[in-house]
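> here are the coordinates; sequence isn't available:
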């Protein structure tokens, strides 16, 4: 299994950062292969789901994301299910 881990420090209050990173409509701002997002609730809470379409080498991939853990405004965990039983997790 491949694991990618990264961390940065942002000079802004946690609540401002939270509002941006917890808005799936902003995914295009930092995910280069992002194409669209559908079925996004007004506010993400534990159990919320939405679908993201990615484009990898010309192929569209659909990932169903679920918010599985939430400690606002400090930590959230999204788990994704994609094609061919692929899985992803974002913390």
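Thanks, I have it. This one's a predicted model, so the numbers in the text were calculated from it and none came from an experiment.

> the helices in the protein, which residues?
14-21 (DSSP state H).

> could you pull out the strands for it?
Under the criterion DSSP state E, strands of the chain are mapped to 34-38, 49-56, 59-71, 75-81, 87-90.

> is it possible to export these to CSV including mean neighbour count, mean pLDDT and distance to residue 26?
C-betas here are computed from N, CA, C, even on glycine. What follows is the strands of the chain, written out as CSV (neighbours: other Cβ atoms under 10 Å; pLDDT from 0 to 100; distance: least, Cβ to Cβ, whole Å):
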stretch, mean neighbour count, mean pLDDT, distance to residue 26
strand 34-38, 15, 97, 9
strand 49-56, 16, 96, 12
strand 59-71, 15, 97, 14
strand 75-81, 16, 97, 14
strand 87-90, 11, 94, 14
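
> Give me the neighbour count for the closest residue to residue 67 other than its chain neighbours.
Nearest residue to residue 67 in three dimensions, chain neighbours excluded: residue 48, at 4.6 Å (Cβ to Cβ, 6 or more residues apart in numbering). Using other Cβ atoms under 10 Å, residue 48 has 19 other residues around it.
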